[in-house]
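J.: sequence first, then the predicted structure, then my questions.
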Amino acid sequence: MSDEIRDRALSGYFDGKHHRFPVRVYFEDTDLSGIVYHANYLRFMERARSDMLRLTGIDQRARMEAGEGAYAVADLAIKYRLPAKLDDDLVVVSHVKGVRAASCAIHQRVMRGSDILTEADVTAALVAPSGRPTRQPREWIEAFKRLEIGE
């Protein structure tokens with residue numbers, strides 16, 4: 001295996017329609033009590049969503065660089081169940097719940113083994129440079145629909 005391949009950042013993988021994104025808890029993710037600071041679960045989920053989109057063929061960077069906008073979180077509901085701790089091996093499991101013209105609803109769970117530590121429902125809307133929602137490209141909607149599990 002070449003160094004170029006070994007040095008590439010890992011993007012998780014699809015298990016059927018579920019995207020799985022491994023995460024390890026580092027010292028910087030924890031608070032003084034040694035548990036993951038609540039806002040860092042959102043960081044784990046953001047990374048997982050970004051890589052899920054990338055693996056789906058959605059090129060957010062090209063759209064931004066073309067001045068056509070980017071995804072933004074329009075709605076978020078999160079529930080914290082159990083704490084993660086330093087050195088825990090976690091996985092963020094994400095799936096598409098629904099697709100609309102300008103947005104995508106995604107359910108995410110942060111897991112340690114079979115335990116759900118945190119779960120969230122996130123609506124990401126494609127936003128034009130003006131700040132207004134804009135229609136997603138047809139091929140992106142089709143990609144999301146292929147992954148959609150629903151409620």
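T.: Yes, it's here. The model shown is predicted, which means the values in this text are computed figures rather than measured ones. Numbers count the residues shown, from 1 in each chain.
J.: for this protein, what spans make up the strands?
T.: Applying DSSP state E to the chain gives strands spanning 13-15, 18-24, 70-80, 89-99, 103-112, 115-127.
J.: low-scoring stretches of the chain, by residue?
T.: Low-confidence regions of the chain, defined by pLDDT under 70, span residues 1-9, 150-151.
J.: longest single helix anywhere in it?
T.: Using DSSP state H, we find that the single longest helix of the chain is helix 38-56.
J.: which helices and strands sit right next to it?
T.: Using 3 or more C-beta pairs under 8 Å, 6 or more residues apart in numbering; DSSP states H and E as the contact test, the elements touching helix 38-56 are strand 18-24, helix 60-65, strand 70-80, strand 89-99, strand 103-112, strand 115-127, helix 138-147. Placement of C-beta: from N, CA and C, glycine included.
J.: most tightly surrounded among the ones you listed?
T.: Ranked by mean neighbour count, those are led by strand 103-112 with a mean of 22 (mean count of other C-beta atoms under 10 Å).
J.: direction included, what does that one pair up with?
T.: Based on DSSP bridges, the strands next to strand 103-112 in the sheet, each with its direction, are strand 89-99 (antiparallel), strand 115-127 (antiparallel).
J.: need the residue closest to the centroid of the chain.
T.: Centrality entry for the chain: nearest residue to the mean C-alpha point is Arg49, 1.7 Å, by C-alpha atoms, centre = their mean.
J.: against Phe144, how distant is that residue?
T.: 12 Å (C-beta to C-beta, to the nearest Å).
J.: related to what we said a few turns ago, which ones are touching the residue nearest to the centre of the chain?
T.: The contact partners of Arg49, by C-beta atoms under 8 Å, 6 or more residues apart in numbering, come to 94, 106, 108, 122, 124.
J.: beta-bridge partners for Glu119, please?
T.: Listed by DSSP bridges, the beta-bridge partners for Glu119 are Lys79, Arg109.
J.: show me what contacts it?
T.: With contacts defined as C-beta under 8 Å, 6+ apart, Glu119 is in contact with 78-79, 81, 107-110.
J.: for the longest helix of the chain, buried residues please.
T.: Counting neighbours by 16 or more other C-beta atoms under 10 Å, one finds that the buried residues in helix 38-56 are 40-42, 44-45, 47-53, 56.
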